[in-house]
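Engineer: What follows is a predicted protein model with its sequence.
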Amino acid sequence: MKGFFNVNKDFVRLTALCALLITGRANAIEKPSLDIESLEQTIEQSLQRFYTPGMSVVVIKDGITILKKGFGMASIEQQTLVDTETYFRIASTTKAFTALSMALLVQDGILSWQDKVVDHLPEFRLKDHWSTGEFTILDLFIHHAGLVSGAGDAMLWPEPSGFSRQQIIQNLKYLTPEYSFRSTYAYNNLMYIVAGEIVAKYREKPWSTVVEDEILQPLGIDCFAGEMGAAAMKNIAHPYGEREGEVYPIPRNGILGSETVSSAAGGMVCNANGMESWLKFWLEMTKTSETTDASESEEQTVSADVNQEDSIGQTINSRAILKPELIDMLLRSHRLLPLYKSEKERNGSHFKTYALGWRKADIAGYEVISHTGTLSGMQAYVLFIPEIHLGVAILNNGSNYAARSSVMQTVIKHYLTDSDIDWVEHFETKLDEAEQKYLENYQAPIGSNKVSLPLTSYAGNYQDIWFGDMNIEMKENTLRLSMAKMSNLKAKLEPWQDNTFVIRWDNKNAASDAFIQFQLDGANKVLRATIKPFSVDEKCNHNFRDMIFEKLEIQQK
């Protein structure tokens, strides 16, 4: 049947393992109701200790919203408070919306998960020709394209990006594979942009409009995938970071009310009300699909015992049905993920996998489905546990992951274990330990602070075949660098050694310091430049790895 996933032996083994581990759990621990007053105190502590101005939290248990509330400041400068209508950027938790928008195409018989991407988007090309031809719709969602983690993110961030989605897709062929196709999990945002463009092609409207028309409006979800109205813009969270105990704004990641090029990968905007509806949709879908009689026809549909007008999640774009295989495909394990020692210790986990826009793991024997979203100054954490009918969403406008993690752990461990750990203190200790370890191991690069040629020799216009133009010019006896397509990538160049400079970005939060190395010809003329991290270690996984900036004056001779 069109849309079914043809599982292989490895997937069968993985599914069997996950089922064995989950069904082998202990009986649910009988716990008293969640102490909301105590939880609110934990939230306030997390904001204070982890330098996070504001947060929205939603907790749903057994179909009832037991907490939906804003905490702290939406804007420090304007002294506005967070409430349940305050909008936050939800970053990569957007990916579940993109996966659902594609699943609706599958349900409508327009395409199949196993269709080749090039059959639907002929301009799709990777550097490896075989991988290009074998890449399926399903592969777009599960992060095993063979590229390094974050490959191509330099075209998306720091915002605003000067790249169009079509340019991003055309540039995929310039990204060098690090692994063989489908062999290794490595997080990738660009493939979700490809997925969004396929959805847009067949719906004959932008991906953002598809999501709003087919998902957000029918389900009553107070989120935006594209343009925001003036009324919504009156209540937005502003993003912040922290440096040496001081909180500072990060305007480049603010909510501007317009659609970003990264929308399908991580560009949506939501508030607590919207997250409540989104969670109730998934809790209802998983609850109903679990109780569906497997002996019934494969055309069996999922329907809720509620009125259609009042339904959360039963009607998508005037559809009164959601097929069980649709839910199963979105939430089943497709890709094994690395399971770290800290996760084993903290959660007692035995496995971690990737579904379609969701991660899965076992915690205390229960299947937990979740995803995080992270931008500088905006973070999200969305989680649900179907077996105990629990859903939690956390949105905040800080940059420290421990704020969302400490609150999430407090909620889920209340229901899953008898632990009385202070999770704010736990993560504070972990951060201190990590910082101490970093300082103990850090080695600062050492240079002579002198270069081989006069500074003017390095000035000029440079061009990379996919990232575009880079300009280096003399200003007040200093070399200045700017990237044509990324307006937040402007910097001064400090002489380091030989023909290498240090890039000191004007916006310290936009990018980390880096080396720029110039290559000369036999006559000591500059030919080209490459960029790499400011580190004593050679690193292959960085934003500039596939860029070679040729000096245009040399090319023209």
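Structural biologist: Perfect, I can see it now.
Engineer: What are the structural domain limits within the chain?
Structural biologist: Following automatic domain parsing, the chain resolves into domains at 9-92+220-437, 100-203, 450-556.
Engineer: Same list, these, but as a markdown table with distance to residue 212, mean pLDDT and mean neighbour count please.
Structural biologist: Any C-beta I mention is one placed from the backbone N, CA and C, and that applies to glycine too. Output for the domains of the chain, formatted as a markdown table (distance: least, C-beta to C-beta, whole Å; pLDDT from 0 to 100; neighbours: other C-beta atoms under 10 Å):
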| stretch | distance to residue 212 | mean pLDDT | mean neighbour count |
| --- | --- | --- | --- |
| domain 9-92+220-437 | 5 | 86 | 18 |
| domain 100-203 | 10 | 98 | 19 |
| domain 450-556 | 28 | 94 | 16 |
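Engineer: ranges for the strands of the stretch 401-550 of the chain?
Structural biologist: For the stretch 401-550 of the chain, applying DSSP state E, counting those that start in this stretch gives strands covering 450-451, 460-464, 468-475, 478-483, 486-498, 500-505, 514-520, 526-533, 549-551.
Engineer: Ok, which of those comes nearest residue 398?
Structural biologist: Evaluated over these, closeness to residue 398 peaks at strand 486-498, with 20.0 Å, by C-beta to C-beta.
Engineer: Who are the packing partners of the closest one?
Structural biologist: Helices and strands touching strand 486-498, as assessed by 3 or more C-beta pairs under 8 Å, 6 or more residues apart in numbering; DSSP states H and E, comprise strand 450-451, strand 478-483, strand 500-505.
Engineer: do you know which of those strands lies nearest residue 424?
Structural biologist: Residue 424 sits nearest to strand 500-505 of all the helices and strands packed on strand 486-498, at 32.6 Å, using C-beta to C-beta.
Engineer: list the helices and strands that closest one packs on?
Structural biologist: For strand 500-505, the packing partners by 3+ C-beta pairs under 8 Å, 6+ apart come out as strand 486-498, strand 514-520.
Engineer: Make JSON lines out of those strands and add distance to residue 372.
Structural biologist: Shown next, in JSON lines, are those (distance: least, C-beta to C-beta, whole Å):
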{"stretch": "strand 486-498", "distance to residue 372": "24"}
{"stretch": "strand 514-520", "distance to residue 372": "26"}
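Engineer: Residue 130 versus residue 177, what's the distance?
Structural biologist: Separation of residue 177 from residue 130 (C-beta to C-beta, to the nearest Å): 11 Å.
Engineer: And for residue 334?
Structural biologist: 21 Å.
Engineer: Over to residue 333?
Structural biologist: Applying C-beta to C-beta, the value for residue 333 to residue 130 is 26 Å.
Engineer: How about residue 525?
Structural biologist: Distance of residue 525 to residue 130, given as C-beta to C-beta: 40 Å.
Engineer: ditto for residue 462
Structural biologist: Residue 462 is 33 Å from residue 130, by C-beta to C-beta.
Engineer: cool, residue 161 as well?
Structural biologist: Using C-beta to C-beta, residue 161 is found at 30 Å from residue 130.
Engineer: again, but for residue 53
Structural biologist: The gap separating residue 53 from residue 130 is 49 Å, by C-beta to C-beta.
Engineer: Then residue 363?
Structural biologist: The gap separating residue 363 from residue 130 is 39 Å, by C-beta to C-beta.
Engineer: Quick check: residue 232 is in a strand.
Structural biologist: No: under the criterion used here (DSSP: H, G, I helix; E, B strand; the rest coil), residue 232 is helix, not part of a strand.
Engineer: Wait, it touches residue 88, no?
Structural biologist: No: using C-beta atoms under 8 Å as the test, residue 232 is too far from residue 88 to be in contact (11.9 Å).
Engineer: Centre-most residue in this protein?
Structural biologist: Geometric centre of the chain, nearest residue: residue 92, 2.7 Å, by C-alpha atoms, centre = their mean.
Engineer: So that residue: helix, strand or coil?
Structural biologist: Classification of residue 92 using three-state DSSP returns helix.
Engineer: Please list the residues outside stretch 219-235 that contact it.
Structural biologist: For stretch 219-235, the external contacting residues (C-beta atoms under 8 Å, 6 or more residues apart in numbering) are 74, 80, 83, 85-87, 90, 94, 97, 206-209, 211-212, 215-216, 255, 257-259, 263, 267-271, 273-274, 277-278, 281, 312-313, 315-316.
Engineer: try 7 Å
Structural biologist: 85-87, 97, 206, 208-209, 211-212, 215-216, 257-259, 263, 268-271, 273-274, 277-278, 281, 312-313 (C-beta atoms under 7 Å, 6 or more residues apart in numbering).
Engineer: Out of those, which sit inside strands?
Structural biologist: Mapping those onto strands (DSSP state E) picks out 269-270.
Engineer: Show me the contacts of stretch 219-235 that map onto helices.
Structural biologist: In this view, these that belong to helices under DSSP state H are 97, 208-209, 211, 263, 273-274, 277-278, 281.
Engineer: related to what we said a few turns ago, wait, which of the helices and strands packed on strand 500-505 is closest to residue 388?
Structural biologist: Among those, strand 486-498 comes nearest to residue 388, with 43.7 Å by C-beta to C-beta.
Engineer: Now do the closest one: distance to the chain's middle.
Structural biologist: The chain centre lies 28 Å from the centre of strand 486-498; the measure is C-alpha atoms, centre = their mean, to the nearest Å.
Engineer: Tell me which stretches of the stretch 151-300 of the chain form helices.
Structural biologist: Using DSSP state H, counting those that start in this stretch, the helices of the stretch 151-300 of the chain run over 165-171, 190-203, 207-211, 217-219, 230-233, 263-266, 272-290.
Engineer: meant to ask about the stretch 301-450 of the chain, not that
Structural biologist: All helices of the stretch 301-450 of the chain, identified by DSSP H, counting those that start in this stretch, fall at 324-331, 341-347, 401-416, 423-441.
Engineer: and the residue located most distally from the centre of the chain, what are its phi and psi?
Structural biologist: No residue in the chain sits farther from the centre than residue 523, which is 46.8 Å out by C-alpha atoms, centre = their mean. Main-chain dihedrals, residue 523, degrees, to the nearest 10: phi -100, psi 20.
Engineer: returning to that earlier point: residue 249: which of the helices and strands packed on strand 486-498 is closest?
Structural biologist: Taking these one by one with C-beta to C-beta, strand 500-505 is closest: 16.7 Å.
Engineer: who's in contact with that closest one?
Structural biologist: For strand 500-505, the surrounding residues in contact (C-beta under 7 Å, 6+ apart) are 451, 479, 481, 489, 491-496, 511, 513-517, 534.
Engineer: follow-up on the earlier one: redo the helices and strands packed on strand 486-498 as CSV? Include distance to residue 420.
Structural biologist: Output for the helices and strands packed on strand 486-498, formatted as CSV (distance: least, C-beta to C-beta, whole Å):
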stretch, distance to residue 420
strand 450-451, 59
strand 478-483, 51
strand 500-505, 45
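Engineer: For residue 245, which of those strands is the nearest?
Structural biologist: Using C-beta to C-beta as the measure, strand 500-505 is the one of the helices and strands packed on strand 486-498 that comes nearest residue 245, at 22.0 Å.
Engineer: Next one: residue 74 from residue 460, what distance?
Structural biologist: Taking C-beta to C-beta as the measure, residue 74 falls 45 Å from residue 460.
Engineer: cool, residue 332 as well?
Structural biologist: According to C-beta to C-beta, residue 332 stands 53 Å off from residue 460.
Engineer: Report whether the expected contact of residue 498 with residue 450 is present.
Structural biologist: No: under the criterion of C-beta atoms under 7 Å, residue 498 is not in contact with residue 450, lying 8.6 Å apart.
Engineer: and stretch 386-404, how far apart are its ends?
Structural biologist: End-to-end distance of stretch 386-404 (C-alpha to C-alpha, to the nearest Å): 21 Å.
Engineer: what do you get for stretch 138-152?
Structural biologist: Stretch 138-152 has an end-to-end distance of 20 Å (C-alpha to C-alpha).
Engineer: Alright, calling it a day.
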